[in-house]
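# Kindly generate the corresponding structure for this input.
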Amino acid sequence: MKNHISSWRNFCKDWNALTFYQRFESGVAFSLTFLVMLVVSVALFRLFVGVIGGLVFDALNPLDHEIFQQVFGEIMTLLIALEFNHTLQYVVTREQSVIQTKVVLLIAMLALARKFIVLDLGKTSAEVLLALAVATLVLGVTYWLVRERDDRLLEIQRSNSELENR
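Numbers count the residues shown, from 1 in each chain. Presented below is the predicted three-dimensional model:
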């Protein structure tokens, strides 16, 4: 929390130095952050009321497979929204000028994991399962390639830094 406050203070301090487009970009990211925060709050409240109400009034059997899938699907949706919101914070506070590709890939993989959790295998065709498997594989390979590239760039920077220090 302390880190977010200092980032926000630095952002406010640097506001005058930003270009028009940087201000626009930060404003859009801030608006999206606020909207996602509202959506997460409402979804969390509805999830809380639904689960607690269902358990208290014995209308919700957590051992029922469909109920289990539904509740954990809603929890995964909230986690995806929180991760997305966390990513937007970097843009708002100008710690990163654009949303990083690796983060977008990870959020997409979380969304696929959520899809697999709520998937009803009895009602899902083989084609859909194949498509989801291919999408998962492609996202995983893409993430690996991006990470490898970033790791190589970091290694080059370290090597150059060590050479400069000699």
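# Who are the contact partners of the residue nearest the centre of the chain?
Centroid-nearest residue in the chain: residue 83, 2.9 Å away (criterion: C-alpha atoms, centre = their mean). With C-beta atoms under 8 Å, 6 or more residues apart in numbering as the criterion, the residues that contact residue 83 are 103, 106, 107, 110. To be clear about C-beta, it is placed using only N, CA and C from the backbone, and glycine gets the same treatment.
# if we go to 10 Å?
Contacts of residue 83 were listed using C-beta atoms under 10 Å, 6 or more residues apart in numbering, and they are 103, 106, 107, 110, 111.
# Which one (most neighbours) among those residues?
residue 107 (18 neighbours; other C-beta atoms under 10 Å).
# quick one on the thing from earlier: which among the contacts of residue 83 gets closest to residue 78?
Lowest distance from residue 78 to the contacts of residue 83 (C-beta to C-beta) belongs to residue 110, with 10.9 Å.
# Please determine how far the closest one is located from residue 130.
Distance of residue 110 to residue 130, computed by C-beta to C-beta, to the nearest Å: 21 Å.
# For residue 29, the count of nearby residues, please.
The number of residues packed near residue 29 is 19, by other C-beta under 10 Å.
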